[in-house]
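*Asks:* what's the 3D shape of this:
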Amino acid sequence: MKILVTGGSGQLAHAIQRFWQGDEVLLPPESVLDLSKPEAIQSVVKETRPDVVVNAGAFTQVDRCETEVELATCINGEAVGWLAEACSEQMALLVQISTDYVFDGKGTRPYLETDPVNPMSIYGKSKLRGEQEARKAREYLILRTAWLYDASGNNFYNTMLKLASQGNPLKVVDDQRGTPTTCRDLARQIQKAVVAGYRGVVHATCSGETTWHGFAAEIFRLHGLNVDLKPCTTADFPRPAPRPAYSVLSVEHRRSLGADVMNDWRQALAEVVKEP
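*Replies:* The predicted model follows:
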């Protein structure tokens with residue numbers, strides 16, 4: 001198979017290139033596969049003739065989305081429609097990477113794929129628009145994930161390690177619950193999902209749940225770091241974009257489909273620490 005991946009410089013695209021085994025994986029630079037330009041999307045998809053397009057590209061700076069609404073809507077929403085059209089013309093499967101932010105975070109148990117969506121932020125609304133546009137493709141798979149990180153990239157994991165190296169006390173939010181998910185686990189699951197023929201909407205996070213404070217504590221424990229780490233609340237660090245208080249995604253549907261290769265979040269984290 002030939003796999004075309006958008007967002008070529010991002011952490012997920014990097015993981016797909018590293019961990020997708022046995023197929024041809026193409027990662028054009030964003031200057032070539034520019035998601036803000038429908039003609040660029042059409043040209044690259046037509047030229048490469050992929051079997052699968054994985055849309056790993058997105059405007060993920062959640063707070064910036066609140067002020068750059070037009071750009072967020074274009075990259076996270078409209079561009080998916082252009083990809084869907086191009087994929088349909090080439091008879092390619094579109095794999096759209098979506099997010100826990102399509103939910104409002106007011107739940108108390110893991111969200112099912114069938115639960116009502118109600119995004120509270122511009123980022124969440126733009127990603128929901130992306131899901132709606134992806135459904136226009138002849139064949140599509142929408143994978144919702146959350147709290148993505150890995151050894152490379154600008155993410156919570158690397159931020160915590162950088163802050164720890166400075167030796168100052170740290171406060172980390174302890175009233176938001178979710179599931180830390182490694183890009184490598186997601187990359188492996190995308191490949192398995194494609195091979196197994198998944199379609200529709202499927203949640204794709206690691207299993208288990210914790211808070212950002214709990215995640216940070218486990219990062220430091222596995223690295224053998226003695227950090228003065230204290231919990232705090234979301235209200236202590238107000239941000240422009242609202243964060244879901246509870247955004248754990250249920251993994252039961254994915255497991256019922258078979259070919260589930262995503263680990264418990266602690267096991268996944270241990271792999272990143274051991275094999276960066």
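*Asks:* quick one: residue 201 is in a helix?
*Replies:* No - going by DSSP: H, G, I helix; E, B strand; the rest coil, the assignment for residue 201 is strand, not a helix.
*Asks:* Does it touch residue 131 like I think?
*Replies:* Yes - contact status for residue 201 versus residue 131: in contact at 7.4 Å, counting by CB atoms under 8 Å. For the C-beta atoms, the positions are set from N, CA and C on the backbone; glycine is no exception.
*Asks:* which neighbours do the two share?
*Replies:* 98, 142 (CB atoms under 8 Å, 6 or more residues apart in numbering).
*Asks:* What distance do you get for residue 74 to residue 36?
*Replies:* Distance, residue 74 to residue 36, using CB to CB, to the nearest Å: 6 Å.
*Asks:* and those two? which has more neighbours close in?
*Replies:* residue 74 (19 against 14; other CB atoms under 10 Å).
*Asks:* Next, that one: secondary structure please.
*Replies:* Residue 74 ends up helix, using three-state DSSP.
*Asks:* how about the nearest residue to residue 243 once chain neighbours are set aside, what does it touch?
*Replies:* Leaving aside its chain neighbours, residue 243 sits nearest to residue 176 (5.7 Å; criterion: CB to CB, 6 or more residues apart in numbering). Taking CB under 8 Å, 6+ apart, we find residue 176 in contact with 105, 211-212, 234, 243-247.
*Asks:* Go again with 6 Å.
*Replies:* In this structure, residue 176 makes contact with 212, 243, 245, judged by CB atoms under 6 Å, 6 or more residues apart in numbering.
*Asks:* what about the residue nearest to the last one when sequence neighbours are not counted, distance to residue 73?
*Replies:* Translated: residue 245. Among residues not flanking residue 245 along the chain, residue 105 sits closest, at 4.6 Å (CB to CB, 6+ apart). In this view, residue 105 and residue 73 are 21 Å apart by CB to CB.
*Asks:* Which residue of those two possesses the greater neighbour count?
*Replies:* When residue 105 and residue 73 are compared for neighbours, residue 105 comes out ahead with 22 against 18, by other CB under 10 Å.
*Asks:* Now do the SS call for the more buried one.
*Replies:* coil.
*Asks:* what number of residues lie near residue 185?
*Replies:* Count around residue 185 with other CB under 10 Å applied: 26.
*Asks:* Perfect, that will be all.
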